[in-house]
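[1] Need a 3D model of the sequence below.
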Amino acid sequence: QVQLVESGGGLVQAGGSLRLSCAASGSILSINRMGWYRQAPGKQRELVAIITNGGSTNYADPVKGRFTISRDNAKNMVSLQMNSLKPEDTAVYYCNANILSWRTSRWSDYWGQGTQVTVSS
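    Next up is the predicted model:
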């Protein structure tokens with residue numbers, strides 16, 4: 001079994017900051033890309049940011065310059081520092097990782113349970 005557990009969501013005023021973290025655990029041999037997605041009420045889940053195991057990053061246009069993704073390969077963790085938050089950033093944020101499991105001997109995408117981020121105006 002592979003698990004992704006997120007932490008760090010909450011309520012913040014516009015202009016404020018939050019930091020999300022996600023820890024992967026279980027039958028992990030290797031992790032390729034890790035990332036964050038979000039889903040607002042009535043909308044589809046969308047990419048926020050991804051980072052490869054080499055450290056290359058990619059961001060969705062609405063968050064460029066405000067959010068920073070980072071990872072700790074030794075701890076199998078990925079974080080998202082969110083600054084200058086806006087009400088439109090309100091959503092459930094999901095951690096995602098592409099993981100090679102020793103139990104299945106295959107690469108699969110895994111998801112966390114989601115953490116709520118609410119930005120008040």
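
[2] Show me where this protein has its strands.
    Using DSSP state E, the strands of the chain run over 2-7, 10-13, 18-26, 28-39, 46-51, 57-59, 67-72, 77-82, 91-101, 106-111, 115-120.

[3] Including mean pLDDT and mean neighbour count, could those strands go into TSV?
    Using the backbone N, CA and C atoms, a C-beta is placed for each residue, glycine as well. Shown next, in TSV, are these (pLDDT from 0 to 100; neighbours: other Cβ atoms under 10 Å):
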stretch	mean pLDDT	mean neighbour count
strand 2-7	96	17
strand 10-13	98	13
strand 18-26	98	19
strand 28-39	97	19
strand 46-51	98	19
strand 57-59	98	15
strand 67-72	98	18
strand 77-82	98	22
strand 91-101	98	21
strand 106-111	97	12
strand 115-120	98	17
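
[4] can you tell me how far the spatially most central residue of the chain sits from Val63?
    Compute the mean C-alpha point of the chain, and by Cα atoms, centre = their mean the closest residue is Trp36, 2.7 Å away. Using Cβ to Cβ, to the nearest Å, Trp36 is found at 9 Å from Val63.
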